[in-house]
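[1] Quick one, structure for this:
(one chain, ligands or ions: 1)
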Amino acid sequence: MLEIDDLSVRLPRTARPAIDGLSLTVAENETVGLVGESGSGKSLTARAVLGLLPKGALTSGEIRMDGADVLALSPAELRRHRTHAAAMIYQDPRAAISPFRRIGDFLAEILREETGARAARARAVELLGLVGLPDPERHVRQHPHELSGGMLQRVVIAAALAGEPRLLLADEPTTALDVTTQAEIIRLLRDLRARTRTGMLFITHDLELAAMICDRVYVMYAGRVMETGPTRRLFAGPRHPYTTGLLAATPRVGDLGTLPPPIPGRPPDLLSAVPGCPFAPRCPHAMDSCTAAAPLLVDGVACVKAEA
Ligand SMILES: Nc1ncnc2c1ncn2[C@@H]1O[C@H](COP(=O)(O)OP(=O)(O)OP(=O)(O)O)[C@@H](O)[C@H]1O
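    Predicted coordinates for the structure are as follows:
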């Protein structure tokens, strides 16, 4: 359904691409995770799929959604694409919905052009029911401040579902929520997937969360895929030292008081070119050859050590 093929994105006044030769697929009804530290290019990947890259970004490679070339869509086609093909669930619901709009107006606005005002309003009520809100008829008349963060995130999910998209892009959809609400939203996303067959690209820096919901995972670092595979396999036997480091740095319930050490060092910024493997400067297994050329992704892993 979604096919990203050798995508590179370079932002103005930077020394290296923010996305560097990324290939990724999401099939119908599949939930795919994109995980990695802050700045690895996860959000930019989602923006590229929506045709929403920053001004001046130079792209190469292809993004196809059901065969259509996303990077070649006209502005009118892109608007349709963002409602019916790939819809985004944003991180912070309070930033996504204007505080002055009624919930019903916010939802109806997305569909009014296509269905007319009356049908759009009825659909808004239906959508609020679909995402498990208790009293849709009342919620459509309410303003954002009258709902909790978790309820508002359900509204944001309802908005993404309005055009019955083939693919949901969820960018850290639970980061702004407390742990209990986080679990409820994850349950909702899993439940929706079972009911609607929507595919999902789930973006997170939280590996535990990815493990809960994703069928397959791509581990991204400095714009490149370091490792990819079925979630269970990847977590049971990580092969890239970056994946191993991320897993070792993930706090687990039960280990309270003993936070695991993070991976030493920081990801490279966009102002320095990175010859070879971008993780080499932080990698405990780096060899001289690692800084010569970036290893290709072979059999799901981009590491000379793993290939040997
Ligand atoms: N509009 C922009 N202008 C300039 N640089 C940008 C812009 N958007 C992203 N970047 C840069 O591109 C790189 C990738 O950013 P991106 O937001 O995709 O990372 P991320 O993995 O989603 O991280 P986070 O979890 O912090 O959102 C970062 O170095 C970021 O600073």
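[2] which parts of the longest helix seen in the chain are buried?
    Counting residues, the longest helix found in the chain (DSSP state H) is helix 179-196. By 16 or more other CB atoms under 10 Å, the buried positions in helix 179-196 come out as 181-182, 184-186, 188-189, 192-193. Quick note: C-beta positions are derived from backbone N, CA and C, even for glycine.
[3] what does stretch 68-83 give?
    Quick answer for stretch 68-83 (16+ other CB under 10 Å): 70, 73, 81-83.
[4] hang on, the earlier thing: tell me which other helices or strands the longest helix of the chain touches.
    Packing partners of helix 179-196 (3 or more CB pairs under 8 Å, 6 or more residues apart in numbering; DSSP states H and E): helix 149-161, strand 199-204, helix 207-213.
[5] Mind putting the buried residues of stretch 68-83 into TSV with pLDDT?
    Formatted as TSV, the buried residues of stretch 68-83 follow (pLDDT from 0 to 100):
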residue	pLDDT
V70	96
L73	95
H81	95
R82	93
T83	91
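[6] now these in TSV, with distance to P264 and secondary structure?
    What follows is these, written out as TSV (distance: CB to CB, whole Å; DSSP: H, G, I helix; E, B strand; the rest coil):
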residue	distance to P264	secondary structure
V70	38	helix
L73	43	coil
H81	42	helix
R82	40	helix
T83	44	helix
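[7] For the longest helix of the chain, the averaged confidence score.
    Mean pLDDT, helix 179-196: 90.
[8] For that helix, give me every contacting residue.
    29, 31, 130-132, 148-150, 153-154, 157, 161, 164, 168, 170, 173-174, 177, 198, 200, 202, 209, 212-213 (CB atoms under 8 Å, 6 or more residues apart in numbering).
[9] rerun at 6 Å
    With contacts defined as CB atoms under 6 Å, 6 or more residues apart in numbering, helix 179-196 is touched by 132, 150, 153, 174, 212-213.
[10] Tell me what angle it forms with strand 199-204.
    160 degrees (axes from the mean of the first three to the mean of the last three CA atoms, to 10 degrees).
[11] how close does A293 sit to G61?
    19 Å (CB to CB, to the nearest Å).
[12] Please identify which of those two sits among more neighbours.
    Taking other CB atoms under 10 Å, A293 and G61 do not tie; G61 has more neighbours (16 against 11).
[13] was I right about that one contacting V9?
    No: using CB atoms under 6 Å, G61 makes no contact with V9, being 8.6 Å away.
[14] Any idea how many residues pack against D269?
    A total of 12 residues lie near D269 under the criterion other CB under 10 Å.
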